[in-house]
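S.K.: Mind folding the following:
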Amino acid sequence: MAKILVIDDEPDILALIKNILQKDNHLVTTVVNPEKILTSEFSNFDLILLDVMMPGMDGFTFCKEIRGIVDCPIIFLTAKTMEIDIMYGLGLGADDYITKRATRCNIKNIA
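M.R.: Numbers count the residues shown, from 1 in each chain. Predicted coordinates:
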């Protein structure tokens, strides 16, 4: 069982990811706005899943700010699929970069 922080500005995406991870008995915390997370909370997580394109602070900026204080893996989970974005995200200290599908579906019908 891992403690996982998922940050994405789309509530439906957060709900889907949380549902899937909780089925494997992981403890999942979801956050819509990364600026609302306290620095002291990061030591509680075993993994951070992070979107890139969010209003306010984007995932690249967030990763850059926390990488020095976070020991757990950070994985981008994003619709940005360009090789330059992937290289940039990994260069910021992300441990992996997973791209979302380009096509959208009705998540409410899947969950």
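
S.K.: which residues of the chain fall in helices?
M.R.: All helices of the chain, identified by DSSP state H, fall at 11-23, 59-66, 83-91, 107-110.

S.K.: Enumerate every residue touching Leu27.
M.R.: 1-4 (Cβ atoms under 8 Å, 6 or more residues apart in numbering). Heads up, the C-betas are built off the backbone N, CA and C, glycines and all.

S.K.: Just the buried ones from those residues?
M.R.: The neighbour count (16 or more other Cβ atoms under 10 Å) marks Ile4 as buried among the contacts of Leu27.

S.K.: Make JSON lines out of the contacts of Leu27 and add distance to Glu65 and pLDDT.
M.R.: Below are the contacts of Leu27 laid out as JSON lines (distance: Cβ to Cβ, whole Å; pLDDT from 0 to 100):
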{"residue": "Met1", "distance to Glu65": "28", "pLDDT": "91"}
{"residue": "Ala2", "distance to Glu65": "23", "pLDDT": "96"}
{"residue": "Lys3", "distance to Glu65": "20", "pLDDT": "96"}
{"residue": "Ile4", "distance to Glu65": "19", "pLDDT": "97"}
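
S.K.: which among the contacts of Leu27 gets closest to Phe45?
M.R.: Lys3 (5.0 Å; Cβ to Cβ).

S.K.: quick one, phi/psi of Asp51?
M.R.: As for Asp51, its main-chain torsions (degrees, to the nearest 10) stand at phi -80, psi 160.

S.K.: need the contact list for the closest residue to Asn33 other than its chain neighbours.
M.R.: In space, and not counting its chain neighbours, Asn33 is closest to Gly56: 6.3 Å by Cβ to Cβ, 6 or more residues apart in numbering. Remark: with contacts taken as Cβ under 8 Å, 6+ apart, Gly56 is in contact with 33-35.
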